[in-house]
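Asks: Pasting a predicted model and its sequence here:
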Amino acid sequence: MMPMPARIPAGYCTRVLVQLLLCIMEVRDSQVLAAMSHPLRRRLLDMLKLDGPATASVLAEKTGQAVGNVSHHLKVLSGAGLVVEAPELARDRRERWWRRPSGTLSWATSDFAGDPVAEVAETVSLDRQMTLSRGWLSEMETAPQEWRDAWFSSDAWMRLTPAELAELNDRVSALFAEFGAKAAADPATEREPVFVFGRGFRAQP
């Protein structure tokens, strides 16, 4: 029998749960991070994750972009290993389908110390979050009542140590994983896309 570790690191079990549920793809290559740090490419990644495989034509129609422009960005994502071709879906040799590899993308600024691409990536991510938030606010009045009742916005000030903030991140990520897995576990229930995000950092009022 293998001996048990004397002490399990804080947040270890939660981190393992998230990895098991989402198969996290950790990004440590600057070129890969740069490839995903573009507003349209970020949107294409989101669409392929949420809606499944698609052709450049389908993605162009959804985004309002030219097919050639979408094809270019898909090739950039493919070169970074962020999307792969799905030839089994093609009806002929000219048709090209693309899909996301299994898993959720994850990266840490600490892995890119001194690399300006990390700041660009954070800016793109924050802009995406704000754009989607404003989009919901603009359409909220015409949304079905049940969605107006269910949506939420929450923030809080706390006094925490770095370790406690990291633990909070692990626990929130575990909740994201738990609810994100519901659609796969119960595909018969009708669900709609929902965007949820969280941030926690040292600050002053």
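Replies: Received it, and whenever you're ready, just let me know what you need. Numbering: from 1, shown residues only.
Asks: what about Lys62, distance to Leu50?
Replies: Counting by C-beta to C-beta, to the nearest Å, the separation of Lys62 from Leu50 is 11 Å. (Each C-beta comes from the backbone N, C-alpha and C, glycine too.)
Asks: Quickly list what's touching both of those two.
Replies: Residues touching both Lys62 and Leu50 by C-beta atoms under 8 Å, 6 or more residues apart in numbering: none at all.
Asks: In three-state terms, how would the residue nearest to Val172 when sequence neighbours are not counted be classified?
Replies: Leaving aside its chain neighbours, Val172 sits nearest to Gly198 (5.1 Å; criterion: C-beta to C-beta, 6 or more residues apart in numbering). With DSSP: H, G, I helix; E, B strand; the rest coil as the basis, Gly198 sits in coil.
Asks: give me every residue that touches Gly198.
Replies: 169, 172, 176.
Asks: Surely the first one touches Phe176?
Replies: Spelled out, that is Asn169. No: the pair Asn169 / Phe176 is not scored as a contact, 10.5 Å apart, by C-beta atoms under 8 Å.
Asks: How many residues are close by Trp157?
Replies: With neighbours defined by other C-beta atoms under 10 Å, the count for Trp157 comes to 7.
Asks: Number of residues surrounding the residue nearest to it when sequence neighbours are not counted?
Replies: Distances taken as C-beta to C-beta, 6+ apart place Pro205 nearest to Trp157, at 6.8 Å, with adjacent residues excluded. Neighbour count for Pro205, taken as other C-beta under 10 Å: 3.
Asks: Start the count at 47 instead of 1 going forward.
Replies: With 47 as the first residue, the last one maps to Pro251.
Asks: Identify each of the helices in this protein and give its residue range.
Replies: Assigned by DSSP state H, the helices in the chain fall at 58-68, 76-82, 85-97, 102-109, 113-125, 162-185, 191-196, 208-226, 228-231.
Asks: how about these in a markdown table, adding distance to Arg142?
Replies: Listed next are those as a markdown table, based on distance: least, C-beta to C-beta, whole Å:
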| stretch | distance to Arg142 |
| --- | --- |
| helix 58-68 | 27 |
| helix 76-82 | 18 |
| helix 85-97 | 13 |
| helix 102-109 | 7 |
| helix 113-125 | 8 |
| helix 162-185 | 26 |
| helix 191-196 | 35 |
| helix 208-226 | 28 |
| helix 228-231 | 26 |
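Asks: closest to Pro85 among the contacts of Gly244?
Replies: Phe222 (22.4 Å; C-beta to C-beta).
Asks: Any idea which of the helices of the chain gets closest to Glu238?
Replies: helix 191-196 (7.9 Å).
Asks: Mind listing residues that contact stretch 105-112?
Replies: So stretch 105-112 is contacted by 86, 89-90, 93-94, 100, 113, 115-116, 120, 144 (C-beta under 8 Å, 6+ apart).
Asks: change it to 7 Å
Replies: Contacts to stretch 105-112, defined as C-beta atoms under 7 Å, 6 or more residues apart in numbering, come from residues 86, 89-90, 93, 113, 116.
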